[in-house]
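S.K.: need a structure here:
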Amino acid sequence: MSTIDGPTPLPGAKAAQAAANRQVGDKIPGGSADATRKHGWFGRWSDNWQSMPRQKQWLFLIVIVIVAYLLPVLNPPILSTEPGNDFPLALFSMAVYALVAVGLNIVIGYAGLLDLGYIAFFAVGSYTAAMLTSPDSPFVKVPYLWTIPLAIIVAMCVGVILGIPTLRLRGDYLAIVTLGFGEIIRILATLIPAMKGQVGFQNVGRPPGEGADGIPLFANSNGTPWYWLTLTILIIVLFLAGNLERSRVGRAWIAIREDEDAAETMGVPTFKYKVWAFALGAGVGGMSGALFAGQVGFVNNQKFDVVTSILFVAAVVLGGVGNKVGAVFGGALVAYIPLRFTAIAEYKYLIFGLALVLIMIYRSKGLIPARQRLLAYGQQAYARVRNDTSRKPATVTEKEV
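M.R.: Take a look at the predicted model:
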């Protein structure tokens with residue numbers, strides 16, 4: 001038997017096991033060598049996080065959530081946006097952008113659908129809240145908190161209406177159609193008299209409640225309660241998105257994202273799941289728009305341009321496509337940098353454009369990339385089976401010798 005084709009003798013069982021473990025760790029995504037080479041610090045942090053017991057993970061998460069709620073009270077000097085911008089209001093903007101990024105991550109990150117017109121759903125949510133609460137609107141008035149679920153429903157319906165005729169397209173064609181849809185919503189807001197164009201709606205409703213001094217708790221200038229409300233909604237959405245990612249629907253989205261033809265061949269109803277992704281992402285976008293309209297108190301057609309929609313996409317790409325934590329980080333970063341460094345705020349689109357180029361060169365999967373755990377486990381199992389089968393001829397050869 002040739003030394004090239006035949007099995008390599010090993011000195012002992014322990015050495016064989018050590019070599020097999022090293023081989024598995026080097027080959028599977030997320031293994032020890034792979035994490036160091038490809039994922040760097042974030043990869044090692046993710047591996048350590050996954051190796052923690054569930055109770056310890058929840059303990060860390062509770063501490064992070066408490067710190068997040070205390071940020072407007074603590075106002076850390078290093079992170080503070082003052083005196084240029086009010087820090088609680090900046091935190092609210094960061095939370096809204098993070099919520100938008102999580103919703104867009106369902107469409108782009110999970111299902112792999114490039115949506116460049118996500119601002120349309122954000123606008124639908126804003127106009128829903130404005131037209132149902134503003135005194136400038138001739139429509140029936142409802143309490144502001146009721147407009148949040150209504151904005152979700154209306155935005156989801158719009159997402160389904162858009163998705164049914166367009167989601168049979170793929171790639172660049174789908175991106176162009178969604179980009180045009182975002183502009184259509186803005187143009188309709190200009191042409192339809194009931195939507196008041198540039199005049200817009202003033203005194204949009206807010207949640208109830210007043211302080212001891214008689215000033216409303218959710219005043220436009222008081223960002224702390226708005227931030228707490230948005231942060232609470234963001235945590236709920238993250239919890240639901242995590243469960244959805246691990247469900248059958250989430251696995252179908254991942255299959256569609258990786259190879260739509262192969263997923264359809266294996267029996268996945270790709271069109272149905274793409275419409276679901278579009279509808280759920282639109283619902284989160286509508287909810288974000290309703291929160292934005294309530295805090296700002298004014299809505300017109302100038303707030304929903306294509307450039308803002310591209311900024312939403314940049315937030316998802318910067319954070320990490322397919323990773324909900326990365327989407328939160330990317331959305332918060334996109335909102336924070338112009339507010340923190342006001343001197344360069346007018347160059348924010350140039351800065352984020354350059355940042356995207358650098359991200360694509362050095363970290364093509366984003367700052368916090370998604371980890372394909374199911375693929376890693378499959379390759380690990382395959383490697384172990386292969387190693388077990390390769391050791392069997394070695395035993396026979398030793399007996400023959």
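S.K.: Can you tell me what sits against stretch 306-318?
M.R.: Residues from elsewhere that reach stretch 306-318 (C-beta atoms under 8 Å, 6 or more residues apart in numbering): 97, 100-101, 104-105, 108-109, 115-120, 122, 179, 182-183, 327, 330-331, 333-334, 348-349, 352-353, 355-356, 359, 366-367. Any C-beta I mention is one placed from the backbone N, CA and C, and that applies to glycine too.
S.K.: For that stretch, what is the distance to the chain centroid?
M.R.: Stretch 306-318 sits 11 Å away from the centroid of its parent chain (C-alpha atoms, centre = their mean, to the nearest Å).
S.K.: got it, and stretch 216-231?
M.R.: 23 Å.
S.K.: now do the same end-to-end measure for it.
M.R.: End-to-end distance of stretch 216-231 (C-alpha to C-alpha, to the nearest Å): 20 Å.
S.K.: Tell me the helix or strand right after the helix or strand encompassing V284.
M.R.: In this assignment (DSSP states H and E), V284 forms part of helix 270-296. Downstream of helix 270-296, the first helix or strand assigned by DSSP H and E is strand 298-299.
S.K.: Direction included, what does that next one pair against?
M.R.: Partners of strand 298-299 in the sheet, by DSSP bridges, are strand 201-202 (antiparallel).
S.K.: Show me how far the strand it pairs with is from its chain's centre.
M.R.: That offset, for strand 201-202, works out to 30 Å (C-alpha atoms, centre = their mean).
S.K.: Now tell me what touches it from outside.
M.R.: Applying C-beta under 8 Å, 6+ apart, the external contacts of strand 201-202 come out as A130, M131, S134, P135, D136, S137, G297, F298, V299, N300.
S.K.: nearest residue to the third one other than its sequence neighbours?
M.R.: By that I understand S134. Excluding the flanking residues, the one nearest S134 by C-beta to C-beta, 6 or more residues apart in numbering is F201, at 3.8 Å.
S.K.: Tell me, how many residues neighbour that neighbour?
M.R.: By the measure other C-beta atoms under 10 Å, the count of residues near F201 is 23.
S.K.: residue contacts, M52?
M.R.: Counted by C-beta under 8 Å, 6+ apart, M52 has contacts F60.
S.K.: Same question for D115.
M.R.: L104, V107, I108, L174, A175, T178, F278, G281, V313.
S.K.: Now the nearest residue to Y144 once chain neighbours are set aside: phi and psi?
M.R.: Nearest residue to Y144, sequence neighbours excluded (C-beta to C-beta, 6+ apart): G205, at 3.5 Å. With angles defined as degrees, to the nearest 10, G205 shows backbone torsions of phi -60, psi 170.
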